[in-house]
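**Q** need coordinates for the following:
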Amino acid sequence: MKELKYQFSKREVTYYLDAEFSYLENLVERNNTVLILDENVAGYHKEKLEGWKTIVIPPGEAYKQQSTVDSIIHQLIKIGADRKTFLVGVGGGVITDMTGYVASVYMRGVQFGFVPTTLLSMVDASIGGKNGVDIGIYKNLVGTINQPKFILFDYSLLQTLPEAEWVNGCAEMIKHGCIKDAGLFQLLEENNLSSIQSNASLFASVIERNVTIKSDVVKNDEFENGERRLLNFGHTLAHAIENNYQLSHGQAVSIGMVVAAAISETINRFSAGDKARLIKVLQQYQLPVQFSYNKEKAFETLVMDKKRSGNAMNYVLLKSIGEAEVKSIPLEQLKELLLQTN
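**A** Numbers count the residues shown, from 1 in each chain. Here you go, the predicted structure:
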């Protein structure tokens, strides 16, 4: 096990990398802790969960809604949870997002931590303090920025993960390489999902590299006034199509990155060669690079994105592999650019 500590504005967060789920007992008092998880995690990991108080919800993005949060809160009341109760989200991004949100608002705030169980949540969703819910088709429109006390990474939990969920997480790793780490991008080019899965030391190093990339960015700009916006690469369009077309988050981000790369080539001098490298590595990790969608409808959803400022959108564009920037694009121009993409 390896510990990493990051000091954010209000809290120090400790990451326990390559730990075991049983180590949770060293971090919280079992009698005063409630685990929040979905039906899939509850079914796969019955032995690990034995003896813990749990709240189990249906799985999937469709349940990342205020009504589910209300249900969790009603169950906390029934359990008798008070301000000293510790919540632990055990699951993927939907679970960690909602657990952090519930912990932020229940009795005006209780402590919480995460045990991510998907690749996507290990490399991205559980890190950074963003918590919340969707409002209809609008992704993450309501929520908080509030850091967990800890994140415990038990890689063995990924053994039950379907292959599609492994692929889902690869999109965020590729994103991190695109915006911040050309070396990571090259490492991903030189490997594939199978080679990373089968090499324990390589896998551990890839996880740690992604954790530190995102954590360093968030530490420098926790409340998204500057550098943290880069983490939205591919996400502006992704959020506009993900729920409308029942795509996985990774699939939507992959499509969003291809479109952002095309826009970068058009207005930001991003090279055609680097765009081709991005498309190739996405395909290498079984992610989609083309998708037929209603661009007019997508744009209507996109304009409600949190990154919009007045009549312009703060859009993440690439300068080169490993270097990105945020550009304010007038909505009228952005619509034209979107309509021009394949």
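**Q** chain center to stretch 61-81: distance?
**A** Here the centre of stretch 61-81 is set off from its chain's centre by 21 Å, with C-alpha atoms, centre = their mean, to the nearest Å.
**Q** how about it: buried residues?
**A** E61, Y63, K64, Q65, T68, V69, I72, I73, Q75, L76, A81 (16 or more other C-beta atoms under 10 Å). Every residue, glycine included, has its C-beta placed from N, CA and C.
**Q** stretch 247-261 too?
**A** For stretch 247-261, burial by neighbour count (16+ other C-beta under 10 Å) applies to 247-261.
**Q** list the contacts for the nearest residue to I329 once chain neighbours are set aside?
**A** Excluding its sequence neighbours, the residue lying closest to I329 (C-beta to C-beta, 6 or more residues apart in numbering) is Y315, at 4.9 Å. By C-beta atoms under 8 Å, 6 or more residues apart in numbering, Y315 lies in contact with T236, A260, I263, K307, V326, K327, S328, I329, L334.
**Q** excluding covalently adjacent residues, which one is nearest to the third one?
**A** Using C-beta to C-beta, 6+ apart and skipping residues adjacent in sequence, the residue nearest I263 is L337, 5.0 Å away.
**Q** count of neighbours near the one you found?
**A** Other residues near L337 come to 16 when the count uses other C-beta atoms under 10 Å.
**Q** name the SS class of it, please.
**A** Here L337 is recorded as helix under DSSP: H, G, I helix; E, B strand; the rest coil.
**Q** check it and give its pLDDT.
**A** Confidence at L337, expressed as pLDDT, is 96.
**Q** the one 3 residues further on now?
**A** If you check Q340, the pLDDT there is 92.
**Q** also N244?
**A** Reported pLDDT for N244: 89.
**Q** ok, which stretches of the chain are helices?
**A** Shown for the chain, the helices assigned by DSSP state H span residues 39-44, 46-49, 66-79, 93-105, 119-120, 163-180, 182-189, 193-198, 200-220, 235-241, 249-267, 272-284, 295-302, 331-340.
**Q** correct me, but the residue nearest to I263 touches I329?
**A** Yes: using C-beta atoms under 8 Å, L337 makes contact with I329 at a distance of 7.3 Å.
**Q** residues touching the residue nearest to the spatial centre of the chain, list them.
**A** Nearest to the mean C-alpha position of the chain, by C-alpha atoms, centre = their mean, lies A125 at 2.7 Å. If you count contacts by C-beta under 8 Å, 6+ apart, A125 has them with G92, G93, T96, D97, P116, T118, E172.
**Q** one more time with 10 Å
**A** 91-97, 114, 116, 118-119, 169, 172, 214, 249 (C-beta atoms under 10 Å, 6 or more residues apart in numbering).
**Q** what touches both of L337 and I329?
**A** I263, I267, Y315.
**Q** got JSON lines for those residues, with distance to L158 too?
**A** Below are the shared contacts of L337 and I329 laid out as JSON lines (distance: C-beta to C-beta, whole Å):
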{"residue": "I263", "distance to L158": "34"}
{"residue": "I267", "distance to L158": "39"}
{"residue": "Y315", "distance to L158": "33"}
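**Q** could you dump those into TSV and include pLDDT and distance to E242?
**A** Shown next, in TSV, are the shared contacts of L337 and I329 (pLDDT from 0 to 100; distance: C-beta to C-beta, whole Å):
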residue	pLDDT	distance to E242
I263	98	19
I267	97	25
Y315	97	17
